[in-house]
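[1] Need coordinates for the following:
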Amino acid sequence: MVNPLESELLRTFLAVAETGNLTRAGEVVNRTQSAVSMQIKRLEEGIGEALFTRGSRGVELTAKGEQLLSNARRIVALIDETAASLAAPPLEGKIRLGIPEEYGDSILVRAISTFAKVHPDVEIHARYDSSADNMALLSKDQLDLAVVFEWQNYSLGEMLMSDPTVWVSSDAHAPHAERPVPIAIYQSSGWCTEFALQFLDTRGLAYRTAYRSRTSGGLKVAVKSGLAIAPISRSNIPEGCRELTEEDGFGEIDHSRVVMHRNPRSRGPAVDAMARAIRDAFSAAT
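    Got it, this is the predicted structure:
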């Protein structure tokens, strides 16, 4: 009898689910389209139900496929983490990382969880700060890695994702319909504040500052309470809130990229491993 949870079958299943195409999935797992098709058939026979519906444009997950998806990801991730833990040489030392506060829960938790399972003896120093401050600390040799926003003058850093800043409002309230519209912005001036205010001025939208905060967490409080709208990165829109689109009279504030920079003076396998963990965490989030 076929074991439906065989890891290679699950890897192929994930490749098909994520690409929506047998041919592209084959490229991901280094197999032919026919081999991918056979593996999916074996998996479906083992489970006893269809996992995909097939059409002219590719494949889509069935309800049973959706049910399997999250569990398959956890199983494969656990297998990979276990293999890496057994194969990796023990690492020690200290990692100094700067990252925007927006990615604390969504990215850093995932990255550190993966990293710490393999390298529990490495001491991690993480700080939330603005992109400008983190880049300054990197240049002063006070950080090993810096994850920053870039909205202009793109660098040669490693792009992790595109994450535009948008205006966000509460689902339960409608402060965006008020005039002047109440806004929440950062206490310090910077690209986010400047671009946000420039956006309103360009659109001719009357506004008043209702709330200021040093952190994005504070902006989220203002939005969730219904006090104001705020500029927040699209990937970090809090629950109970929504992006204000062109139909609402707003739209994207900028087209910022999230980029990872490495201190050229920081060398060693521990820094390499943390960079991989961050890269993988962003990849899993997109």
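[2] the helices in the stretch 1-150 of the chain, which residues?
    Using DSSP state H, counting those that start in this stretch, the helices of the stretch 1-150 of the chain run over 7-19, 22-29, 33-47, 63-87, 109-118, 131-139.
[3] then the first one to CSV, C-alphas only?
    Just to be clear, that refers to helix 7-19. Extracted in CSV, the C-alpha atoms of helix 7-19 (Å, rounded to 0.1, in the frame of the first residue of the first chain):
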residue,chain,number,x,y,z
SER,A,7,8.0,12.9,1.8
GLU,A,8,8.9,12.9,-1.9
LEU,A,9,5.2,12.7,-2.8
LEU,A,10,4.4,15.6,-0.5
ARG,A,11,7.3,17.7,-2.1
THR,A,12,5.8,17.0,-5.5
PHE,A,13,2.3,17.9,-4.3
LEU,A,14,3.6,21.2,-2.9
ALA,A,15,5.4,22.0,-6.1
VAL,A,16,2.2,21.4,-8.1
ALA,A,17,0.0,23.4,-5.6
GLU,A,18,2.4,26.4,-5.6
THR,A,19,3.0,26.5,-9.4
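[4] Distance of the residue nearest to residue 64 when sequence neighbours are not counted relative to residue 73?
    Distances taken as Cβ to Cβ, 6 or more residues apart in numbering place residue 49 nearest to residue 64, at 4.5 Å, with adjacent residues excluded. Every C-beta, even on glycine, is put in place using the N, C-alpha and C of the backbone. According to Cβ to Cβ, to the nearest Å, residue 49 stands 19 Å off from residue 73.
[5] Between those two, which is the more surrounded one?
    Using other Cβ atoms under 10 Å, the more surrounded residue of residue 49 and residue 73 is residue 73, with 15 against 12.
[6] who's in contact with that one?
    Residues near residue 73 by Cβ atoms under 8 Å, 6 or more residues apart in numbering: residue 14.
[7] before we move on, the earlier item: is it possible to get CSV of the helices of the stretch 1-150 of the chain that adds mean pLDDT?
    Output for those, formatted as CSV (pLDDT from 0 to 100):
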stretch, mean pLDDT
helix 7-19, 89
helix 22-29, 88
helix 33-47, 90
helix 63-87, 80
helix 109-118, 88
helix 131-139, 92
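[8] picking up where we left off before, surely the residue nearest to residue 64 is in contact with residue 66?
    No - if you go by Cβ atoms under 8 Å, residue 49 and residue 66 don't touch, sitting 11.7 Å apart.
[9] Buried residues in stretch 44-62, which are they?
    By 16 or more other Cβ atoms under 10 Å, the buried positions in stretch 44-62 come out as 44, 47, 51-52, 58-59, 61.
[10] now swap in stretch 146-161 and tell me
    146-151, 157, 160-161.
[11] so what's residue 99 up against?
    Contacts for residue 99 (Cβ under 8 Å, 6+ apart) come out as 107-108, 126-128, 134, 146-147, 278.
[12] can I get those in a markdown table with distance to residue 284?
    Formatted as a markdown table, those follow (distance: Cβ to Cβ, whole Å):
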| residue | distance to residue 284 |
| --- | --- |
| 107 | 9 |
| 108 | 13 |
| 126 | 19 |
| 127 | 23 |
| 128 | 21 |
| 134 | 22 |
| 146 | 21 |
| 147 | 15 |
| 278 | 11 |
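[13] Mind giving me the ChimeraX command for buried ones among those residues?
    Here is the ChimeraX selection string for the buried members of the contacts of residue 99, based on 16+ other Cβ under 10 Å:
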select :107,108,126,128,134,146,147,278
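[14] Where does confidence bottom out across the buried residues of stretch 44-62?
    Lowest pLDDT among the buried residues of stretch 44-62: residue 58, with 82.
[15] Touching, it and residue 20? I think so.
    Yes - counting by Cβ under 8 Å, residue 58 touches residue 20, with 4.3 Å between them.
[16] tell me which residues in the lowest-mean-pLDDT helix or strand in the chain are buried?
    Taking mean pLDDT, DSSP states H and E as the measure, the helix or strand of the chain with the lowest value is helix 63-87, at a mean of 80. Buried residues in helix 63-87, counted by 16+ other Cβ under 10 Å: 65, 68-69, 72, 75-76.
[17] Extract the residue ranges of the stretch 151-286 of the chain that are flagged as low pLDDT.
    Within the stretch 151-286 of the chain, the segments meeting pLDDT under 70 span 152-154, 189, 191, 286.
[18] can you give me the strands in it?
    158-162, 165-170, 181-186, 207-213, 230-233, 241-243, 257-262 (DSSP state E, counting those that start in this stretch).
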